[in-house]
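Novice: Give me coordinates for this.
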Amino acid sequence: MLTDPVDATVMEVNQQEAGKPSHHTQRAVAVAAAAAILALPIGYVVLRHRPRHNVSAESSSRSAPTQSIAQWEEEVREHPTEDNRINLSVAYINNHLPGRAISLLTVLVAEDGNSALAWNNLCVAHTMQMDYDLAIAACNRALRLAPDFQLARNNLKWAEDEDRKAIAAIAAQEQIAPASRNAASYLEEGLNYLHIGNYDQAIQAWQRVLRLDPTSAPATNDIGTAYMLKQQPKLAVPWFQKAIAMDPTLQIANNNLAWAQTELAKAGK
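Specialist: As a prediction, the model looks like this:
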């Protein structure tokens, strides 16, 4: 998708930002193709509304944070409570930065897997990213923890509806005779497979793009992205390098290459 780079630590996948961590630990990553960011339904995230340093088990409000992102980030640096991090995640989501929300919330649920609020907000962020399989899993987790959590139930329906649309789009694309298909249609098919978590099929679709258009830097980058989501950075690196060679101005590929190399360094490979 068309993206605007933010920094080397946050990869993007929508017009402003996006990312897709693995089920628990991966950072946001980038996919290059055209798409519009989903509109966020009002009230679909939960803000902890209470004195910032006095954490308790009170009920939550759905109102938006009045502080700016910078103010909430400073608040989290000084007081990294669960409430403050949930509030920061809402600020990110309300400002169409779901990738940052995902990075923040993934750490939070790893520390406290019993926070239904964090799982709900993670569901929203993943849905905005069009990562529907991860969104559905997050909302289901929230509902297992809080069966009466209607907001999470609404968000689950939202994610499931979008997932069904992606599956229907794939089915429609598969009905088109191969002789009638072009590189753009396979690029879109790959994105739909990526959205539902079928990374192998996404790779196959993008490989078809390259057979039709061997110079497609977006498809080359996207194959690397799929390998990153499969937690195979060693396989991803050469694809990002090829994408950069094809189009040195493709910032997403440069960001993704840096991220893949960082993951390899962490693994000592």
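Novice: Next, count neighbours for Pro218.
Specialist: If you count neighbours by other CB atoms under 10 Å, Pro218 ends up with 26. No exception for glycine: its C-beta is placed from N, CA and C like everyone else's.
Novice: One more: Gln207?
Specialist: Applying other CB under 10 Å, we find 14 residues neighbouring Gln207.
Novice: Tell me, how many residues neighbour Asp213?
Specialist: Residues lying near Asp213 (other CB under 10 Å) number 16.
Novice: now Asp161
Specialist: As a measure of burial, Asp161 has 11 neighbours, counting by other CB under 10 Å.
Novice: now do the one 5 residues further on
Specialist: By other CB under 10 Å, 19 other residues sit near Ala166.
Novice: residue contacts, it?
Specialist: The contact partners of Ala166, taken as CB atoms under 8 Å, 6 or more residues apart in numbering, are 130, 132, 192, 195-196.
Novice: What is the burial count for Gln232?
Specialist: With neighbours defined by other CB under 10 Å, the count for Gln232 comes to 15.
Novice: should've said Gln251
Specialist: Other residues near Gln251 come to 16 when the count uses other CB under 10 Å.
Novice: how much space between it and Pro238?
Specialist: For Gln251, the distance to Pro238 equals 19 Å [CB to CB, to the nearest Å].
Novice: quick revisit: just the contacts of Ala166: which are in helices?
Specialist: Secondary structure from DSSP state H places 132, 192, 195 of the contacts of Ala166 in helices.
Novice: Which residue is the nearest non-sequential neighbour of Ile176?
Specialist: Counting by CB to CB, 6 or more residues apart in numbering, Ile176 lies nearest to Ser185, which is 6.9 Å off, once chain neighbours are set aside.
Novice: what about the one you found, neighbour count?
Specialist: Counted by other CB under 10 Å, the residues lying close to Ser185 total 17.
Novice: Report the buried residues of whichever strand or helix holds it.
Specialist: In this assignment (DSSP states H and E), Ser185 forms part of helix 183-195. The neighbour-count check on helix 183-195 (16 or more other CB atoms under 10 Å) flags 183, 185-195 as buried.
Novice: Tell me the secondary structure at the residue of the chain most remote from its centre.
Specialist: Within the chain, the residue lying farthest from the chain centre (CA atoms, centre = their mean) is Ala179, at 33.0 Å. For Ala179, the secondary structure call by DSSP: H, G, I helix; E, B strand; the rest coil comes out as helix.
Novice: That one and Ser103: what is the separation?
Specialist: From Ala179 across to Ser103, the span is 43 Å (CB to CB).
Novice: who's in contact with Ala125?
Specialist: Contact analysis of Ala125 by CB under 8 Å, 6+ apart lists 89, 92-93, 98-99, 101-102, 105.
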